[in-house]
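Q: here are the coordinates; sequence isn't available:
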Ligand code: PMP
């Protein structure tokens with residue numbers, strides 16, 4: 001009808017452009033575009049405008065040790081953590097970064113023992129399968145301060161080290177704790193996926209350094225906003241120093257957009273008006289992830305060629321319900337151990353990330369579960385076709 005046409009014209013729908021059925025589907029990155037329909041539903045609730053005279057300064061708040069952090073973003077970050085219950089914020093310093101990727105680097109710098117003296121490079125470890133960017137970032141600039149030292153399970157050196165604990169884990173979705181536990185260790189908890197759409201919120205974390213990212217929380221990866229909750233003021237200062245020299249702060253436009261969007265999420269969670277039809281963001285996310293995991297498990301079940309781990313059902317303090325994890329990535333194993341699993345998917349025009357990148361073996365692949373609906377559905381269709389092909393173990 002004409003009315004429908006008007007609606008269609010006024011709400012630009014990028015996802016109207018359908019993907020050709022023979023297109024290559026890239027599920028290598030965890031690009032969180034699957035959350036786009038929720039934000040489209042929010043209409044202009046998240047719109048902010050800037051005038052030419054605004055936000056010219058490098059500075060946001062000279063009274064704050066993190067002088068480039070917008071005070072309102074600080075407030076909204078603390079408010080959201082208090083509502084969700086996933087991290088302690090009282091007494092913590094917040095350091096904002098250009099994505100949590102910049103904060104990973106800032107933490108490596110700040111925790112390296114050689115910052116204050118001339119000791120040997122500090123070892124950086126994480127339990128395999130680990131997030132593939134840690135070794136890439138650690139070794140990229142051949143720093144004299146720190147050096148990638150591999151799987152934390154295999155680490156047996158004495159001396160200072162930094163352990164990255166990713167929980168829930170990227171790539172395998174498990175809940176993790178530190179594994180080395182030696183005297184000279186420093187921990188960084190990367191909690192990018194510790195949000196209700198991915199896993200049960202069982203307790204607020206209160207570790208020394210906790211990293212979060214706007215990318216995985218709301219899906220706004222393009223804004224490049226991350227934040228660190230840092231207990232020790234001296235460590236926070238060093239992280240701020242790193243960002244000062246690296247990018248003289250973090251885009252104010254991005255910070256103010258993040259402020260607005262985090263606020264809209266918190267408002268939605270606090271709303272107790274039962275007559276409201278609007279679901280809060282995490283309910284939407286949880287529903288989306290649950291449906292996708294159900295579809296994926298059905299395809300995996302239809303043959304015995306691949307293995308997908310089961311996650312424990314845990315009580316979520318936020319949703320007040322028992323739920324299973326629905327991670328942002330599927331960590332899939334080909335049963336025939338010698339298989340190059342990513343090649344099998346590549347042959348069906350699905351790009352995945354091979355297990356070797358995560359310190360594991362090529363019989364594993366990591367597949368993004370947060371792509372656009374259309375891409376995800378095409379992936380499921382092709383995976384089902386792959387499962388139905390006759391198969392012989394070599
Ligand atoms: N940590 C983990 C565990 C991640 O998966 C990612 C994104 N893939 C990041 C950090 C970095 O995210 P960003 O730079 O977008 O904040």
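A: Great, that's in hand. Quick caveat, the model's predicted, so the values are computed rather than measured.
Q: how about the strands of the stretch 51-200 of the chain, start to end?
A: 93-98, 122-126, 146-151, 161-166, 185-190 (DSSP state E, counting those that start in this stretch).
Q: which one of those strands is the most hemmed in?
A: Most buried of these, by mean neighbour count (mean count of other C-beta atoms under 10 Å): strand 122-126, with a mean of 27. (Each C-beta comes from the backbone N, C-alpha and C, glycine too.)
Q: what are the pairing partners of that one, and which direction each?
A: Strand pairing for strand 122-126, using DSSP bridges, gives strand 146-151 (parallel), strand 161-166 (parallel).
Q: quick one: closest of these to the ligand.
A: strand 161-166 (4.8 Å; C-beta to the nearest ligand atom).
Q: could you tell me the angle between that closest one and strand 185-190?
A: 20 degrees (axes from the mean of the first three to the mean of the last three C-alpha atoms, to 10 degrees).
Q: run the chain-centre distance for strand 161-166.
A: Here the centre of strand 161-166 is set off from its chain's centre by 16 Å, with C-alpha atoms, centre = their mean, to the nearest Å.
Q: quick one: average confidence on it?
A: The average pLDDT within strand 161-166 is 98.
Q: please see if that strand touches the ligand.
A: Yes: using C-beta under 6 Å from any ligand atom, strand 161-166 reaches the ligand at residue 166.
Q: that older thread, so for residue 231, which of the strands of the stretch 51-200 of the chain sits nearest?
A: strand 93-98 (7.7 Å; C-beta to C-beta).
Q: residues in contact with the closest one?
A: Strand 93-98 has contacts (C-beta atoms under 8 Å, 6 or more residues apart in numbering) with 65-66, 68-70, 73-74, 77-78, 103, 106, 224-231, 233, 236, 239-240, 243, 247, 250-251, 254-255.
Q: with stretch 379-393 instead?
A: With C-beta under 8 Å, 6+ apart, stretch 379-393 has contacts from 25, 27, 295-296, 299-300, 302-303, 305-306, 336, 344-345, 348-350, 367, 371.
Q: weed out the non-buried ones from the residues you listed.
A: Buried members of the contacts of stretch 379-393, scored by 16 or more other C-beta atoms under 10 Å, are 25, 27, 295-296, 299-300, 305-306, 344-345, 350, 367, 371.
Q: quickly check those for the two that are furthest apart.
A: 305 and 371 (22.5 Å).
Q: confidence score at residue 117?
A: 77.
Q: distance of the residue in the stretch 51-200 of the chain that the ligand sits nearest to from residue 213?
A: Taking C-beta to the nearest ligand atom as the measure, the point where the stretch 51-200 of the chain comes nearest the ligand is residue 99, at 2.7 Å. Going from residue 99 to residue 213 by C-beta to C-beta, to the nearest Å gives 6 Å.
Q: just residue 254 next, same as before
A: Counting by C-beta to C-beta, the gap from residue 254 to residue 213 is 12 Å.
Q: name the residues contacting each of these two.
A: Joint contacts of residue 254 and residue 213 (C-beta under 8 Å, 6+ apart) are residue 225.
Q: before we move on, back to that, which stretch among the strands of the stretch 51-200 of the chain comes nearest residue 311?
A: That would be strand 161-166 among those, by C-beta to C-beta, at 15.3 Å.
Q: pretty sure residue 304 sits in a strand.
A: No: under DSSP: H, G, I helix; E, B strand; the rest coil, residue 304 falls outside any strand and is assigned coil.
Q: my guess is it contacts residue 335. True?
A: Yes: proximity of residue 304 to residue 335 meets the contact threshold set by C-beta atoms under 8 Å, at 6.7 Å.
Q: so which of these two has more stuff around it?
A: More crowded of residue 304 and residue 335, by other C-beta atoms under 10 Å: residue 335, with 13 against 10.
Q: quick check: phi and psi on that one?
A: Taking degrees, to the nearest 10, you get phi -60, psi -40 for the backbone angles of residue 335.
Q: and whatever helix or strand residue 241 lives in, what does it pack onto?
A: Using DSSP states H and E, residue 241 maps to helix 233-247. Secondary-structure packing of helix 233-247 (3 or more C-beta pairs under 8 Å, 6 or more residues apart in numbering; DSSP states H and E): strand 93-98, helix 99-111, strand 225-230.
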